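Asker: Provided below for reference: sequence and predicted model.
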Number of protein chains: 2
Amino acid sequence: MKKVAIIGAGNGGVCMGAYISLRGGKVNIYDKFPQALESLKENKGIELRGVSLNGFAEFDIISENIEDVIRDCQLIMVVTPAFAHRDIAKSCAEFLVDGQTIVLHPGRTGGALEFYKTVKDINPTVNVNIAEAQTLVYACRRTKPDQASIFGVKEKVSVAAIPSKDTKKVVHKLNEYYEQFVSAEDVLETSLLNIGAIFHPTPSILNVARMECKEDFEYYHQGITPSVGEILQKIDEERMKVANAFKVNTISTIEWLKQVYGVEGNTIYDSVKLNKAYSGIAAPKNSSTRYITEDVPMSLTPISELGKLVKVKTPVIDMIIRAASIIHNVDYRSTGRTMERMGISGMSSKEIKLYVRDPDIYNFKKLEERKVAL
Amino acid sequence: MKKVAIIGAGNGGVCMGAYISLRGGKVNIYDKFPQALESLKENKGIELRGVSLNGFAEFDIISENIEDVIRDCQLIMVVTPAFAHRDIAKSCAEFLVDGQTIVLHPGRTGGALEFYKTVKDINPTVNVNIAEAQTLVYACRRTKPDQASIFGVKEKVSVAAIPSKDTKKVVHKLNEYYEQFVSAEDVLETSLLNIGAIFHPTPSILNVARMECKEDFEYYHQGITPSVGEILQKIDEERMKVANAFKVNTISTIEWLKQVYGVEGNTIYDSVKLNKAYSGIAAPKNSSTRYITEDVPMSLTPISELGKLVKVKTPVIDMIIRAASIIHNVDYRSTGRTMERMGISGMSSKEIKLYVRDPDIYNFKKLEERKVAL
């Protein structure tokens, strides 16, 4: 039986783990918070419900020790907030062995790059694939400590690996459990088709007073009004300009909503309004929501940083980074995914394209260049 | 009997007109919208109620013809949104005569400067004082077409004239009806103590979805939450930095709230929460509120423009200008009060200080300089 490690026992993690277990995989699960694992340990698994498989899913190793959880696992699924990626990379780097594949669900922007750099800094010779999914395949919730529910499964989710020449291999591994995963060209494509960057921080900022009043309202259908939609549109344009400057395939958020949810509007506001899948999604009740703490530093900051490199101005993205930084009294530009943190500082856009295709070839070429220069 | 012209038959205009009439002034009133004057014409005045004087106040000339309204009036009170100031200046410029005094209630930022420039462009030799109040002296409402109510009267409102050497004279004229008016050093002081610039645009932007959902909520007490307060604090700091760079006396919004309302908080959020005078003030029900359409171009834009001249960066103010511009699809930077529009383009900060003290002396000096240069 193939072994799969799940990193993160939150909504996405337990659902993915339970599903893979019910599909016949041997699943280990890790979380750094013991309380997230408590009932899983008690029951040796979790009850899965919803639109996917139903039944009690057994887990094998359930532990706060990441070394134990990832040992002998071909596939390591990281299903945590993106701001945890670097720490997870640090804590598992020395235990990784050749041939393992890590997939971030999702990477947000620059997740795989950051994970790869962090692992390689600690364990330079290990031969692993670090991949990222463009979005979480599920709409799901860990409804109770001992129960998880899948409300929806996306039809198609793109994935890319570093090195991207290995993406097909990674997708093949994933397809054993999920036929939804398809290959993207490279991690720049998955990172720049980060729709969370559009839908998470800006509506949160523009509804911050309402959230702080602990008002009940629907995040999408009441939080994204025509004016909010106008700003999302500008941010989406900036994101696409950055993608285009990197010669990366991308689609607009309107097109993404059409492909994923089948809704066809002329504006983001219209498409959101038409999207019944967004009905009933409650807005956060305070300003320290992950929609800001995760998606500003791990999505907007790296998009803005990538934009700078290719001389694409991102004033509206920068405006949201600034507002979030003031609200939380955190400099989300410096604490976010900078070029340095993604391991691509000092590279040109062409070099980055080469690097994500094959870091070894990139490094070899750089070494050669240096030799010539000497 | 002294004649006073009121320009604008909205909340502030009818209350001010009615009060002056009850104090024994002969009051003319103008509005460009006939429907605003309809019931005033029918009744030849308006019923005034509230914390100030009570009774039926007669108006003399009630007209959409500004020439008729301002004729023979020593004092012309302009009580309109700031975005109307330039048009009013244009329409009355040729009818102004020496010795008249125009007071903008309030000028927002650069109101008197803009009015002065506009009048002088059309009628260069007329000798008038153009003054601006720092805020509207009243909290009031035209409760019905034939009734106006004053809920509160501010204890002290500063006023400055162009030329500022005539401020005392203007304050003396105003004191005949209102002892509340006191002299500011110059119009830079009144313009940079524009508290509407703090309280109007930003909470509106950060509650825009709520407003577009037509939600009932209190503008100040529910719209200004801790996070909104943090951003207001930054904007207030930027405003004060600009004022300091112009060597203009100013106070923080916290201090202003203390002086005007007697509330003492450590943060803007705290002070607003403590201020009972803000209780029950309903938020606008759509995004095309004057809080944005007036206070972005007539307050934030000129503060930002003045900041540029003295090399004070105003990134948070600029962020709000940008957000408002996207929401309304209007470039509030170019449609707002630019240096050009305020008549101070190309001047140094020292020259501006000299100009507001006495434009004639400034112009004379400039002429002399040019002669020397030739």
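Answerer: Yes, it's here. Keep in mind it's a predicted model, so treat the numbers as computed, not measured. Numbering: from 1, shown residues only, chains lettered A, B, ... in the order given.

Asker: where along the stretch 1-150 of chain A do the helices fall?
Answerer: A:11-22, A:34-43, A:66-70, A:85-93, A:111-122 (DSSP state H, counting those that start in this stretch).

Asker: what's the most buried one of those helices?
Answerer: Neighbour counts (mean count of other C-beta atoms under 10 Å in any protein chain shown) averaged over each of those peak at helix A:11-22, with a mean of 26. The way it works is simple: take the backbone N, C-alpha and C, and place the C-beta from them, glycine included.

Asker: and it, how far out from the chain middle?
Answerer: Remark: helix A:11-22 is offset 17 Å from the chain centroid, using C-alpha atoms, centre = their mean, to the nearest Å.

Asker: by how many degrees do that helix and helix A:34-43 diverge?
Answerer: 20 degrees (axes from the mean of the first three to the mean of the last three C-alpha atoms, to 10 degrees).

Asker: export helix A:11-22 to PDB, keeping only CA atoms.
Answerer: In PDB, the C-alpha atoms belonging to helix A:11-22 read as follows (Å, rounded to 0.1, in the frame of the first residue of the first chain):
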ATOM      1  CA  ASN A  11     -10.200  21.500   7.100                       C
ATOM      2  CA  GLY A  12      -8.300  20.700   3.900                       C
ATOM      3  CA  GLY A  13      -5.900  18.300   5.500                       C
ATOM      4  CA  VAL A  14      -8.300  15.900   7.200                       C
ATOM      5  CA  CYS A  15     -10.600  15.800   4.200                       C
ATOM      6  CA  MET A  16      -7.700  15.000   1.800                       C
ATOM      7  CA  GLY A  17      -6.300  12.500   4.200                       C
ATOM      8  CA  ALA A  18      -9.600  10.800   4.800                       C
ATOM      9  CA  TYR A  19     -10.400  10.700   1.100                       C
ATOM     10  CA  ILE A  20      -7.000   9.200   0.200                       C
ATOM     11  CA  SER A  21      -7.400   6.700   3.000                       C
ATOM     12  CA  LEU A  22     -10.800   5.600   1.700                       C
END
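
Asker: run through who's touching it.
Answerer: A:4, A:6-7, A:9, A:27, A:29, A:31, A:40, A:45-48, A:52-53, A:55, A:57-59, A:77, A:79-80, A:105, A:136-138, A:140-142, A:148-150, A:177 (C-beta atoms under 8 Å, 6 or more residues apart in numbering or on different chains).

Asker: again with stretch A:201-211
Answerer: Contacts for stretch A:201-211 (C-beta under 8 Å, 6+ apart): A:217, A:219-220, A:223-224, A:227-228, A:231-232, A:235, A:283-287, A:289, A:291-292, A:295-296, A:299-300, A:320, A:323-324, A:327, B:203, B:205-210, B:222-225, B:227-228.

Asker: weed out the non-buried ones from the contacts of helix A:11-22.
Answerer: Buried residues within those, defined by neighbour count using 16 or more other C-beta atoms under 10 Å in any protein chain shown: A:4, A:6-7, A:9, A:27, A:29, A:31, A:40, A:45-48, A:52, A:57, A:59, A:77, A:79-80, A:105, A:136-138, A:140-142, A:148-150, A:177.

Asker: residues contacting the closest residue to A:I361 other than its chain neighbours?
Answerer: Setting aside the residues directly before and after it, A:I361 is nearest to A:L354 in space (C-beta to C-beta, 6 or more residues apart in numbering or on different chains), at 7.1 Å. Contact analysis of A:L354 by C-beta under 8 Å, 6+ apart lists A:I361, A:Y362, A:K365.

Asker: same thing but at 10 Å, please
Answerer: By C-beta atoms under 10 Å, 6 or more residues apart in numbering or on different chains, the residues touching A:L354 are A:M347, A:S348, A:I361, A:Y362, A:K365, A:K366.

Asker: quick one, phi psi at the fifth one?
Answerer: When you say that, I think you mean A:K365. phi -60, psi -40 (degrees, to the nearest 10).

Asker: quick one: pLDDT of the residue sitting nearest the centre point of chain A?
Answerer: By C-alpha atoms, centre = their mean, chain A has its centre lying nearest to A:P106, at 2.2 Å. You'll see A:P106 listed with a pLDDT of 97.

Asker: same check, this time on A:A277
Answerer: The model's pLDDT for A:A277 equals 88.

Asker: and it, its phi and psi?
Answerer: Note on A:A277: backbone dihedrals following degrees, to the nearest 10 are phi -60, psi -20.

Asker: what's near enough to touch the nearest residue to it once chain neighbours are set aside?
Answerer: Distances taken as C-beta to C-beta, 6+ apart place A:Y261 nearest to A:A277, at 5.3 Å, with adjacent residues excluded. Residues near A:Y261 by C-beta under 10 Å, 6+ apart: A:G152, A:K154, A:E155, A:S271, A:V272, A:L274, A:N275, A:K276, A:A277, A:Y278.
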